[in-house]
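Enquirer: here are the coordinates; sequence isn't available:
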């Protein structure tokens, strides 16, 4: 903005030297400033003289002088009085002695108080003004220090002191939805903290306002704030029951383990497991495959893992815990390959359950998956023994399968139905789900168990398959 103002000035005015604001001359330069010689018709009058005249006239107008001086003498010589000081840096005592005389000479009479004061102010070099500013700033700084120190001492001596003996055990319950202010009041009432404001400030500094968990805590009086906030962030200690669900078990087996570990009746648990429609709207993966879910069953979706179930958890709580875990695990899957082969997510879960029951060797899972894909592509029945066992249900006692068993009438029996069984036959782990979604690319159509360690021999042709079966009989001592 300063540059713009300067650009607007023209001529001699643009070349005028900078003058401090308190002593800036009028915009129109005098003849003396322009360097012209004063003429008798228009004698030179200094700026100091003009100012003293204005001040004198203003005083006369206000009535400070009742009788104006008659025939005031004037200095028309155009020459500056020798008594006027022209050195602005001269000491102030010399200025004071010279200026009253100057005022009398130019005004033609006794100088007014205002005129003398104006000349006295104009003769200064600004040092006193600077001194006043410095002194004022120093006073402000001292005042700030005194006020700050006073507040600190006031806060120190007036800080609430706890009258409760520290280290005493107390039980504190934080209600759900309680604000930080509410929590502070509760803790103060129990003697856990001495100052509510100090606690709230500490919570804000740790950005923990939304992290304090409700529940019942076993605390002590006079606790350290950092430790206290950490405990409130972690939540109260809850008694839990460990629930271990192995890979490859059915919903009936899962229900029995839930009853054993958590005390929830198996029948109550199974009633919810066979009510998949109750959970469809809460779990997107179920909603996606809802039209395909067979028998309204959650078979295949109760993810196998070791859980810590809170005491008193209901059957619904447990079912939701298992479904949420499945959602977390299955969310990692890449279903691109399966989709390209016209298989749905539900189909992938079915194939994963078959893989889970067919092999325990992690490295074999993608190969077994490739056999299933290849047989589906060739229009061959899968003929997987595990589907027969599932179809037999509770009647199966673990005996070697008989030919009559292979004839059981069930939508799960892959010796009797084409394509995949109607639904999953167990709860698969992530490794089986991943293999079902991304199988190896092979030409295998068969596999046979040929090792007591659980490994298989994979075959491309029927002849290779017959040879592998001979090895199976030899390894396990089975006659034809």
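Expert: Arrived safely, thanks for sending. Source: prediction; values computed, not measured.
Enquirer: hey, where'd the strands end up in the protein?
Expert: 169-174, 215-220, 240-244, 306-310, 446-449, 456-459 (DSSP state E).
Enquirer: so which of those is nearest residue 206?
Expert: For those, proximity to residue 206 was assessed by Cβ to Cβ; strand 169-174 is nearest, at 16.6 Å. Every residue, glycine included, has its C-beta placed from N, CA and C.
Enquirer: in its sheet, which strands sit next to the closest one, and in what direction?
Expert: strand 215-220 (antiparallel) (DSSP bridges).
Enquirer: quick revisit: got CSV for the strands of the chain, with mean neighbour count, mean pLDDT and distance to residue 358 too?
Expert: Converted to CSV, those look like this (neighbours: other Cβ atoms under 10 Å; pLDDT from 0 to 100; distance: least, Cβ to Cβ, whole Å):
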stretch, mean neighbour count, mean pLDDT, distance to residue 358
strand 169-174, 14, 92, 51
strand 215-220, 16, 90, 45
strand 240-244, 14, 91, 23
strand 306-310, 14, 90, 24
strand 446-449, 20, 95, 8
strand 456-459, 20, 96, 8
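Enquirer: redo the ones you listed as TSV? Include distance to residue 409.
Expert: Formatted as TSV, these follow (distance: least, Cβ to Cβ, whole Å):
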stretch	distance to residue 409
strand 169-174	59
strand 215-220	53
strand 240-244	35
strand 306-310	37
strand 446-449	25
strand 456-459	29
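Enquirer: closest one to residue 440 among these?
Expert: Between residue 440 and the strands of the chain, the shortest separation by Cβ to Cβ is 9.9 Å, and it involves strand 456-459.
Enquirer: hmm, back to that, for the strands of the chain, which one sits closest to residue 479?
Expert: Minimum separation from residue 479 across those (Cβ to Cβ) falls at strand 446-449, 16.5 Å.
Enquirer: just checking, what packs against the closest one?
Expert: helix 365-378, strand 456-459, helix 462-476 (3 or more Cβ pairs under 8 Å, 6 or more residues apart in numbering; DSSP states H and E).
Enquirer: dump those into JSON lines; add distance to residue 178 as well.
Expert: As requested, these are exported to JSON lines (distance: least, Cβ to Cβ, whole Å):
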{"stretch": "helix 365-378", "distance to residue 178": "49"}
{"stretch": "strand 456-459", "distance to residue 178": "59"}
{"stretch": "helix 462-476", "distance to residue 178": "65"}
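Enquirer: give the buried residues for stretch 470-480.
Expert: In terms of neighbour count (16 or more other Cβ atoms under 10 Å), stretch 470-480 has its buried residues at residue 472.
Enquirer: same check, this time on stretch 343-358
Expert: Buried-residue list, stretch 343-358, by 16+ other Cβ under 10 Å: 343, 345-358.
Enquirer: outside of it itself, list whatever touches it.
Expert: For stretch 343-358, contacts defined as Cβ atoms under 8 Å, 6 or more residues apart in numbering pick out 247-248, 285, 288-289, 292-293, 299-301, 333, 335, 338, 365, 368-369, 372, 382, 384, 386-387, 420-421, 423-429, 432-433, 435-437, 447.
Enquirer: try it again with 7 Å
Expert: By Cβ atoms under 7 Å, 6 or more residues apart in numbering, the surrounding residues in contact with stretch 343-358 are 247-248, 285, 288-289, 292, 300, 335, 338, 365, 368-369, 372, 384, 386, 420-421, 423-426, 428-429, 432-433, 435-437.
Enquirer: of those, buried ones?
Expert: Listed as buried from the contacts of stretch 343-358 are 247-248, 285, 289, 300, 335, 338, 365, 368-369, 372, 384, 386, 420-421, 423-426, 428-429, 432-433, 435-437; burial here means 16+ other Cβ under 10 Å.
Enquirer: which of the residues you listed fall in helices?
Expert: 285, 289, 338, 365, 368-369, 372, 386, 432-433, 435-437 (DSSP state H).
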